[in-house]
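Asker: Predicted structure and sequence below. I'll ask about it afterward.
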Amino acid sequence: MSRVRKALCAAAGAGLLLIGASVAVARPSHPAPASDLAGAVASSEARDLAAWVVSSRDPRGRAFALVDKKAARLYVFTPQGRLAGASAVLLGLAVGDRAKPGIGDLPPSRIPAADRTTPAGRFATEPGSNLDGDAVVWFDYAAGLAIHRLRPDASERARSRRLATEDPRAHRVSAGCIVVPVPFFESVVLKWLGHRRGVLYVLPEVEPVEQVFADLDRDL
């Protein structure tokens, strides 16, 4: 049995879902803070992952964000684990949890539909800008993937309608990036992730959670 699966089984027996191999690391003697997703609309998987992230102190004092691909929602947290804001998002068109190697070498218009995935896992985020000079928060620079605002182009109106619908399936339209409404990007994403490095956790939609987060004892 893998270290990850053992950790998950042990955590389940204690009434908690603790994600990843690093749950085996010794806990600090003082109580850990708790995430405050209780008042937000969130799935049980998102709540479990947020609880583990905060209790384990995996972000190591950095702000962090969590994406629930099945619900097409993004949650941004302060370094103390307090929810700074939540929003509907647009995600990769294709269902899947891995980015195809070399995908970052292609312009978005040339990426095949089947390869337009938002990968799952844990990522170090880095504030930066795209080729047009617009502010973005990179989470997989090699693959050309970032959290960014809804862009003012020909698709803006149609994508705004998709963001407003409650059907998560309608939110699958990007080349793999995480697209958020302009006000949310400017007031929440930039404030907490736009000035220094952070951490992004993306829940899988196909692969087992413990498999995707098997390397959480790896430093970012």
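Answerer: Everything's here; your move.
Asker: First-to-last residue distance for stretch 110-127?
Answerer: Length of stretch 110-127, first residue to last, C-alpha to C-alpha, to the nearest Å: 25 Å.
Asker: Kindly report the same for stretch 85-104.
Answerer: Rule used - C-alpha to C-alpha; the end-to-end distance of stretch 85-104 is 29 Å.
Asker: Neighbours of G176, how many?
Answerer: 25 (other C-beta atoms under 10 Å). Backbone N, C-alpha and C define where each C-beta goes, glycine included.
Asker: Does it belong to a helix, a strand or coil?
Answerer: coil (DSSP: H, G, I helix; E, B strand; the rest coil).
Asker: Can you tell me the closest non-neighbouring residue to P204?
Answerer: Distances taken as C-beta to C-beta, 6 or more residues apart in numbering place A120 nearest to P204, at 3.8 Å, with adjacent residues excluded.
Asker: what's the neighbour count on that neighbour?
Answerer: For A120, using other C-beta under 10 Å, the count is 23.
Asker: if I look at A154, how far off is S160?
Answerer: For A154, the distance to S160 equals 12 Å [C-beta to C-beta, to the nearest Å].
Asker: which of these two has more neighbours?
Answerer: The neighbour comparison of A154 against S160 (other C-beta under 10 Å) goes to S160, with 13 against 8.
Asker: I'd guessed that one sits against P152; true?
Answerer: No. Assessed by C-beta atoms under 8 Å, S160 is found out of contact with P152, at 10.5 Å.
Asker: elements contacting the top helix by length along the chain?
Answerer: Longest helix of the chain, by residue count under DSSP state H: helix 44-56. Contact here means 3 or more C-beta pairs under 8 Å, 6 or more residues apart in numbering; DSSP states H and E; on that basis helix 44-56 packs against strand 64-68, strand 73-77, strand 198-203.
Asker: and it with strand 64-68, angle?
Answerer: 160 degrees (axes from the mean of the first three to the mean of the last three C-alpha atoms, to 10 degrees).
Asker: Show me what counts as buried in helix 44-56.
Answerer: Neighbour-count burial for helix 44-56, with 16 or more other C-beta atoms under 10 Å as criterion, is recorded at 45-56.
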